[in-house]
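A.B. asks: Everything below, folded, please.
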Amino acid sequence: MDEFASIRHWTSGRQGVEWQRERGVVLGIGDDAALINPAAPITGVGSPYEYIMAMDTMVETVHFNAVTMSYEDIGYKALAANVSDIAAMGGIPLQALISVSVPSKLGPEPMRRLYDGLYACAERYGVAIIGGDTTSSPQHLVVAVTVTGAVEAGKGLRRSGAKPGDAVILTGPVGKSAAGLHFLLAQQERGIAALAGERAESLVRAHRRPSPSVRAGRMLLTRGTCHSLNDVSDGLASEAWEIAEASGLLVCLREQQLPRSGSMAAYAGAAGIDPLEWMLYGGEDYVLLGTMESGDAITAQAAFHAEGLPFYIIGETLTGEPGVEMIRTTDKGELRMPLVKRGYNHFE
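C.D. replies: Numbering: from 1, shown residues only. Take a look at the predicted model:
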């Protein structure tokens, strides 16, 4: 099967013309480039709006292997990582370009399964797949995804908007993805397999099929009290550092207020690992970390819970040199500990 037959095999019949037109697509897959109507009305986003663009790449042996991910999972997560970047700006995802570099050993069916995952994620978040590129690869599979989104003009949430006295908020638990990856890599070791079941299944799903917080990002934007936002892709501590440096202040996280998943904590105990290691430095949770007016944080939390969405108030911001501290409450008072600027980094 040649390149063009492969593309048809992977993509044909997936999304209707009318469905894509509702997302601003004039011309999708099948020509030299896609055509987008930049003035098309977008459901849920007020006019005028601005486009958001994000790109992520997943590389075999770096982001996944045969033990950690199925081909469907690879496709799903490759798109979900980009959707999370759109969510972190308070926007709505619209269109995606998919680039794949495929080793000859794979053949057409594994890639068909990868596109099954891509389109499953696209359907869940309303993303039109409009084109991309296909090349051969000498050894490893590479999947690169570019996603566009939209947000009301001048309203996009940034890392640089935090203000001293803000509440630090989080839209979901952290550490589950890292725990799931640990389980997948260690499940062949003696004793680890005994932890299989619902507990491990929820952790594995968190790693393989993350749920970007698009709805949460929109709710935070429309409240008008959220000052900064970031998605937790490289670890909670790393993302907090990004907000601290971009906004020029001190971010304080309170240990007792960090959301600790029961399944993650139980597995960490069985594996002999401090759960804080996964929570602070694990990454790939794709929840949102942000800051907002402290006076609205409790009200926002109630609004989120009324919609069935998690929302945690985990600290505050202070005037000071950019940095991140964790506050631990003890019998003797509060112990303040600086958190090192560490998380997943491709070049360390």
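A.B. asks: in this protein, which spans are helices?
C.D. replies: Per DSSP state H, the chain carries helices over the ranges 3-11, 17-21, 71-87, 108-125, 176-186, 198-208, 214-223, 236-247, 262-271, 275-281, 294-306.
A.B. asks: which residues touch residue 315?
C.D. replies: 167, 168, 251, 252, 253, 254, 257, 327 (C-beta atoms under 8 Å, 6 or more residues apart in numbering). C-beta: built from backbone N, CA, C; applies to glycine.
A.B. asks: Need the pLDDT of the nearest residue to residue 21 once chain neighbours are set aside.
C.D. replies: Of all residues not flanking residue 21 in the chain, residue 40 sits nearest, at 8.0 Å (C-beta to C-beta, 6 or more residues apart in numbering). For residue 40, the model assigns a pLDDT of 89.
A.B. asks: swap in the one 3 residues further on?
C.D. replies: In this model, residue 43 is scored at 87, pLDDT.
A.B. asks: what number of residues lie near the nearest residue to it once chain neighbours are set aside?
C.D. replies: Ranked by C-beta to C-beta, 6+ apart and with sequence neighbours excluded, the top spatial neighbour of residue 43 is residue 22, at 7.3 Å. With neighbours defined by other C-beta atoms under 10 Å, the count for residue 22 comes to 15.
A.B. asks: do residue 186 as well
C.D. replies: Residue 186: 14 neighbours (other C-beta under 10 Å).
A.B. asks: quick one: it and residue 271 touch, right?
C.D. replies: Yes - Residue 186 is within contact range of residue 271, at 7.2 Å (criterion: C-beta atoms under 8 Å).
A.B. asks: Stretch 255-263: how far from the chain's middle?
C.D. replies: 19 Å (C-alpha atoms, centre = their mean, to the nearest Å).
A.B. asks: contacting residues around it?
C.D. replies: Identification of contacts with stretch 255-263 by C-beta under 8 Å, 6+ apart yields 170, 172-176, 179, 198-200, 202-203, 236, 275-276, 279, 310, 312-315, 326-329.
A.B. asks: ok, 6 Å please
C.D. replies: Identification of contacts with stretch 255-263 by C-beta atoms under 6 Å, 6 or more residues apart in numbering yields 173, 176, 199, 202, 203, 312, 314, 326, 328, 329.
A.B. asks: quick one: residue 84 from residue 287, how far?
C.D. replies: 9 Å (C-beta to C-beta, to the nearest Å).
A.B. asks: ditto for residue 312
C.D. replies: 9 Å.
A.B. asks: repeat for residue 146
C.D. replies: Distance from residue 146 to residue 287, by C-beta to C-beta: 22 Å.
A.B. asks: Settle it for me: which of these two has more neighbours?
C.D. replies: Neighbour comparison, residue 146 and residue 287: the larger count goes to residue 287, with 27 against 18 (by other C-beta under 10 Å).
A.B. asks: For the more buried one, give me its contacts.
C.D. replies: Residue 287 neighbours (C-beta under 6 Å, 6+ apart): 171, 172, 213, 232.
A.B. asks: Repeat the analysis, applying 7 Å as the threshold.
C.D. replies: With contact taken as C-beta atoms under 7 Å, 6 or more residues apart in numbering, residue 287 is in contact with 170, 171, 172, 174, 213, 232.
A.B. asks: Same check on residue 325?
C.D. replies: 250, 252, 336, 337, 338, 339.
A.B. asks: what is it paired to in the beta sheet?
C.D. replies: Per DSSP bridges, the residues bridged to residue 325 are residue 252, residue 338.
A.B. asks: Please report how far it lies from residue 253.
C.D. replies: 7 Å.
A.B. asks: Give me the distance between residue 61 and residue 219.
C.D. replies: From residue 61 to residue 219 the distance is 38 Å (C-beta to C-beta).
A.B. asks: the more surrounded of those two?
C.D. replies: Per other C-beta under 10 Å, whichever of residue 61 and residue 219 has more neighbours is residue 219, with 19 against 9.
A.B. asks: Quick check, pLDDT for that one.
C.D. replies: So, for residue 219, pLDDT stands at 98.
A.B. asks: For it, which residues are in contact?
C.D. replies: Residue 219 sits in contact with residue 304, where contact means C-beta under 7 Å, 6+ apart.
A.B. asks: make it 8 Å
C.D. replies: 300, 303, 304, 307, 309.
A.B. asks: my read: residue 177 touches residue 211, true?
C.D. replies: No - taking C-beta under 8 Å as the definition, residue 177 is not a contact partner of residue 211, at 10.8 Å.
A.B. asks: tell me, what's touching these two both at once?
C.D. replies: Common neighbours of residue 177 and residue 211 (C-beta under 8 Å, 6+ apart) are residue 286.
A.B. asks: who's more crowded, these two?
C.D. replies: residue 177 (26 against 18).
A.B. asks: Please report how far the more buried one lies from residue 204.
C.D. replies: 9 Å.
A.B. asks: what do you get for residue 330?
C.D. replies: With C-beta to C-beta as the criterion, residue 330 and residue 204 are 35 Å apart.
A.B. asks: more neighbours, the two?
C.D. replies: Taking other C-beta under 10 Å, residue 330 and residue 204 do not tie; residue 204 has more neighbours (21 against 7).
A.B. asks: so how many other residues sit close to residue 161?
C.D. replies: 18.
A.B. asks: quick one: contacts for it?
C.D. replies: Counting by C-beta under 8 Å, 6+ apart, residue 161 has contacts 227, 228, 247, 291.
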